[in-house]
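next one to model:
(4 chains)
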There are 2 protein chains.
Amino acid sequence: MFEFALLGLLHEAPMHGYELRKRLHDLLGAFRAFSYGSLYPTLRRLQRAGLIVEEGPEESALSWGRRARKVYKLTPEGKERFADLLSEAGPQTWDDDSFGVHLAFFSRTPADVRMRILEGRRRWVEERREGLRERLARTGEQIDRYTRELHSQGLESTEREVRWLNELIAHEQSEQDEQ
Amino acid sequence: MFEFALLGLLHEAPMHGYELRKRLHDLLGAFRAFSYGSLYPTLRRLQRAGLIVEEGPEESALSWGRRARKVYKLTPEGKERFADLLSEAGPQTWDDDSFGVHLAFFSRTPADVRMRILEGRRRWVEERREGLRERLARTGEQIDRYTRELHSQGLESTEREVRWLNELIAHEQSEQDEQ
DNA sequence: CACACGATGTATCGCGCCGATATAATCACC
DNA sequence: GGTGATTATATCGGCGCGATACATCGTGTG
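Predicted coordinates for the structure are as follows:
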């Protein structure tokens, strides 16, 4: 998740940790925290895995004097890994977070993969919706009033999202037909 | 979080792990996972902290023959702890998960605390909403089309939730006035 | 001019929770 | 009699968060 997001951002340009976090916060801050407590360990993990490397200190040193900035860039393996994570698009996984993060990098995602992601998410939301419907239908009453309220709120929300996804999918399809 | 939920359920009746998980899944499964990988360690944690104890094996043994079920029940300290967690209602914390879990136990929550929780959540959602509005207003264009779509979807959703919370709060108030 | 405050910047620690996995007994059905 | 679902407990590795620490720099305020 974090890995995917970092690789995606570094795909655009080399960056240092603080900037990565700022970009992420700007991009998805409303949906996810992306704290420093994960950022730096993840960067080290990626570095150890050979997916990113520290850029030579010369360039950053030139523009900033002595400064403890560490600028990372993707290695070829890193680019490959990002592409794999993109097309992997494992089923099941399309919870709010993974979907949100993937959507944020949609403009650099191939059209067919975009389609698979949207459809995967739709199936996921539909399952949630069915679960909520069933729970609301079952037992008529007996369930707590507030829980019931929470569930119908959730149901409404999933229904709305399915409609939204349908629009997006239709739009994707019409774009695909044009080409 | 998990701790709060388990104490809340055990407040109703003594239960064993599997049943607790089933109840939680039924109650909030659509919003949270509540996996076994957390359940049993949390139970042990609560036990070590003296908030719950294993019921004497006699009763469960009587009704089930030899069976590896461990039935837990609240200690007085556990009840106290639950009450504390309820009224604590720390500001800031009202993300989706904590709010959802607290709402699930609203029927056993004192009216004034319910009020504080609802208002806390409303402030939290309003802040999220303002962040999204700002992000959408800023830079007019330049931002990715899909991200933009995601943000306006999020904005709509927060606006709807604020309206819902206002209804709930108004309802609470009118109930309070009656008494 | 000093001083404080907020932004820039890297980093670690503890811990909560998840998904995957193991194990085993019981039940229902064919 | 076998096969799979359900009941039931439990551990393991790993991710991500919040809190915290520590430096430097820019900016404004008294």
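
run through the strands of chain A in chain order.
Applying DSSP state E to chain A gives strands spanning A:15-16, A:52-54, A:71-74.

how about the ones you listed, which one is nearest chain B?
Closest to chain B of the strands of chain A, according to CB to the nearest CB: strand A:15-16, at 17.0 Å. C-beta here means a position set from N, CA and C on the backbone, and glycine is covered the same way.

so which elements touch the closest one?
strand A:71-74 (3 or more CB pairs under 8 Å, 6 or more residues apart in numbering or on different chains; DSSP states H and E).

list the contacts of the residue nearest to A:F4 when sequence neighbours are not counted.
Closest residue to A:F4 apart from its sequence neighbours, by CB to CB, 6 or more residues apart in numbering or on different chains: A:L85 at 5.0 Å. With CB atoms under 8 Å, 6 or more residues apart in numbering or on different chains as the criterion, the residues that contact A:L85 are A:3-4, A:7.

turn those into JSON lines, columns for distance to B:D144 and pLDDT.
As requested, the contacts of A:L85 are arranged in JSON lines below (distance: CB to CB, whole Å; pLDDT from 0 to 100):
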{"residue": "A:E3", "distance to B:D144": "20", "pLDDT": "96"}
{"residue": "A:F4", "distance to B:D144": "16", "pLDDT": "96"}
{"residue": "A:L7", "distance to B:D144": "17", "pLDDT": "97"}
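
who wins for most neighbours among the residues you listed?
Each of the contacts of A:L85 was scored by neighbours using other CB atoms under 10 Å in any protein chain shown; the highest score is A:L7's, at 23 neighbours.

I'd say it and A:L74 touch.
Yes: in this structure, A:L7 is within contact of A:L74 by CB atoms under 8 Å, at 6.7 Å.

what about stretch A:13-21, start to end distance?
Using CA to CA, to the nearest Å, the end-to-end distance of stretch A:13-21 comes to 14 Å.

equivalent analysis for stretch A:12-20, please.
Between the start and the finish of stretch A:12-20 there is a gap of 11 Å, counting by CA to CA.

does that stretch reach DNA strand D?
No: contact between stretch A:12-20 and DNA strand D, assessed by CB under 7 Å from any atom of the strand, is absent, since the two come no nearer than 10.0 Å.

contacts for that stretch, please.
Under the contact criterion CB under 8 Å, 6+ apart, stretch A:12-20 has outside partners A:6, A:9-10, A:23, A:36, A:39-40, A:43, A:55, A:60, A:69-74.
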